[in-house]
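S.K.: one predicted model, sequence on top.
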Amino acid sequence: MSDVSNEVAEQVAAAPASTPAQERAPAPAERRPPHNGPQLTPRAIAKAEIFVEGDHVVYPTHGVGKVERIATEEIAGHRLELIHITFEENRMTLRVPVAKARTAGLRKLSTRKQFDEALAVLKGKARIKRTMWSRRAQEYEAKINSGDPMAIAEVVRDLHRNAGQPDQSFSERQIYEAAMDRLAAELAALDQTDKPTAIVKLTDFLKTV
């Protein structure tokens, strides 16, 4: 559970070198205290404006995780505010610098309205490009790894097969299931259920399309 992915490890390690002095100092737009008020720390900003310990969040390449804590750690001689995100299914923990959270694509769960818009995409007509499968597969994987529920829904829509339609190839099935898994994970967090229940809900929804 304490392993850190290479992607985030590189991000954490690079943070001191890529964080100039003006970023470490309070930014006028973000950290200027109100008149006669206390100075906001990065931890306070993360908790008040972006993420809160216990929140479910979405990291683009890993899907839905949970913020375990926001803590100060020393990396290569620099003190950084890090968001610890656990992914139970993968038994993995990521550490994302607070200052890099937005640029890394870390976000809160979609609102119900936003997710309903993603579900509406599933009702649309499949848009299959007339290109080689290898090219389309790369585009589908990029959409899945974007973390955008609208883009992921497009993958599900394009690769879904109803009764009477041609079967999916093995690689199509793999990508389709990966997209369904990502959508279901976010739906489960929104509904406060589990992923199998969310997958059934999405599957039933697709049957009505």
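M.R.: Looks like it came in fine.
S.K.: can you give me the buried ones in the lengthiest strand in the chain?
M.R.: Assignment by DSSP state E gives strand 63-75 as the longest strand of the chain. Within strand 63-75, the residues that count as buried by 16 or more other CB atoms under 10 Å are 63, 64, 65, 67, 70, 75. (Each C-beta comes from the backbone N, C-alpha and C, glycine too.)
S.K.: pLDDT of that strand, averaged?
M.R.: For strand 63-75, mean pLDDT is 93.
S.K.: can you list contacts of it?
M.R.: Taking contacts as CB atoms under 8 Å, 6 or more residues apart in numbering, the residues outside strand 63-75 that touch it are 12-13, 15-16, 43, 46-47, 51-59, 79-88, 93-95, 98, 109, 147, 181-182, 185-186, 188-189.
S.K.: which ones among these are found in strands?
M.R.: Counting by DSSP E, these place 56-59, 79-87, 93-95 in strands.
S.K.: mind listing the residues bridging to residue 85?
M.R.: Residue 85 has these beta-bridge partners by DSSP bridges: residue 67, residue 94.
S.K.: what residues are up against it?
M.R.: Applying CB under 8 Å, 6+ apart, one finds that residue 85 lies in contact with 57, 59, 65, 66, 67, 68, 93, 94, 95, 96, 106.
S.K.: what's the first-to-last distance across stretch 191-199?
M.R.: 12 Å (CA to CA, to the nearest Å).
S.K.: okay, the contacts of residue 85 in CSV with distance to residue 113 next?
M.R.: Formatted as CSV, those follow (distance: CB to CB, whole Å):
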residue, distance to residue 113
57, 18
59, 22
65, 22
66, 23
67, 23
68, 28
93, 31
94, 28
95, 31
96, 26
106, 21
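S.K.: residue 83 is in contact with residue 101, correct?
M.R.: Yes. Using CB atoms under 8 Å, residue 101 is in contact with residue 83, at 6.2 Å.
S.K.: do you know how far residue 161 is from residue 176?
M.R.: In this view, residue 161 and residue 176 are 8 Å apart by CB to CB, to the nearest Å.
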